[in-house]
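> Predicted model and sequence below, questions to follow.
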Amino acid sequence: MFEYIKGNIIEVGIDYLVLENNGIGYRVNTSKASAIDIGQDYQDKTIYTHLNVREDDISLYGFTSKDEIDMFRLLQTVSKIGPKVALGVLSTMTTLDIKLAIVNDDAVSLSKSPGVGKKTAERIILELKDKIHIDKNISAQNKLPLEMSFNSDNSEDEVTEALMSLGYTKSEVLGALSKVNDFEKSTEELIKLTLRELSK
């Protein structure tokens, strides 16, 4: 129904945002990647949207990139996968990570997402493998999607700033970050690990 909505971001949470357009505030379910991508600039944002209508619920899902919403829709073509599971996968993995997992038969990585067990991960691979075209030699580390790309310098500061934009306090982020204690990882991986600590 809506391809995208353009407006100002009023609020950003861990898994949602509020987008105002023409005096109407839309609550949009979103991934952690898109929430981080919004950063501190809330003005004049384009959110690519997907309206999910069920008998007992109408929900709006949205992302900052076409790549993410395309993957969100593709995941839902898999039998028994709905929008919540698809969103969980996109909040755990980048779109490139998902593609790499599918073409490389990596059910283990896919099964780390909430709501995705071994059988579901194997079903994702089976049903989507012919729909994913990617060079298997591409590294997820050296070619990150735009929405999850970060400068490798000052990783701690970048992680802190990104997670504070989601509503965590600086002390909460630093406390969780100290438990991760692995700064050889990319900023993207540090964010994932720190979020895992914060959700415990």
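Done, it's in.

> Quick one: neighbours of the residue nearest to K84 when sequence neighbours are not counted, just the number.
In this structure, K84 finds its nearest non-sequential neighbour in G115, 6.8 Å apart by C-beta to C-beta, 6 or more residues apart in numbering. Quick note: C-beta positions are derived from backbone N, CA and C, even for glycine. G115 has 14 neighbouring residues, counting by other C-beta atoms under 10 Å.

> same deal with the one 5 residues further on?
When neighbours are counted by other C-beta under 10 Å, T120 registers 20.

> which residues sit against the helix or strand hosting A33?
According to DSSP states H and E, A33 maps onto helix 32-38. The contact list for helix 32-38, computed with C-beta atoms under 8 Å, 6 or more residues apart in numbering, reads 9, 12-15, 17, 45, 47, 62-65, 68, 90-91, 94, 145-148, 162, 165-166, 191, 195.

> Model confidence score at the residue nearest to K84, please.
At G115, the model reports a pLDDT of 90.

> how far away is it from A86?
Distance of G115 to A86, computed by C-beta to C-beta, to the nearest Å: 9 Å.

> now do A162
Taking C-beta to C-beta, one finds A162 at 23 Å from A86.

> And those two? Which one has more around it.
Legend: neighbour count by other C-beta under 10 Å for A162 and A86, higher for A86 (26 against 23).

> Using PDB, write down the CA coordinates of stretch 162-178.
The C-alpha trace of stretch 162-178 is given here as PDB (Å, rounded to 0.1, in the frame of the first residue of the first chain):
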ATOM      1  CA  ALA A 162      25.100   4.300  18.100                       C
ATOM      2  CA  LEU A 163      23.600   2.600  21.200                       C
ATOM      3  CA  MET A 164      22.900   5.800  23.000                       C
ATOM      4  CA  SER A 165      20.900   6.900  19.900                       C
ATOM      5  CA  LEU A 166      18.600   3.900  20.700                       C
ATOM      6  CA  GLY A 167      17.900   5.100  24.200                       C
ATOM      7  CA  TYR A 168      20.600   3.400  26.300                       C
ATOM      8  CA  THR A 169      22.500   5.500  28.800                       C
ATOM      9  CA  LYS A 170      26.300   6.000  28.400                       C
ATOM     10  CA  SER A 171      26.900   4.100  31.600                       C
ATOM     11  CA  GLU A 172      24.800   1.100  30.400                       C
ATOM     12  CA  VAL A 173      26.600   1.000  27.100                       C
ATOM     13  CA  LEU A 174      30.100   1.200  28.700                       C
ATOM     14  CA  GLY A 175      29.200  -1.400  31.300                       C
ATOM     15  CA  ALA A 176      28.000  -3.900  28.600                       C
ATOM     16  CA  LEU A 177      31.000  -3.000  26.400                       C
ATOM     17  CA  SER A 178      33.400  -3.800  29.100                       C
END
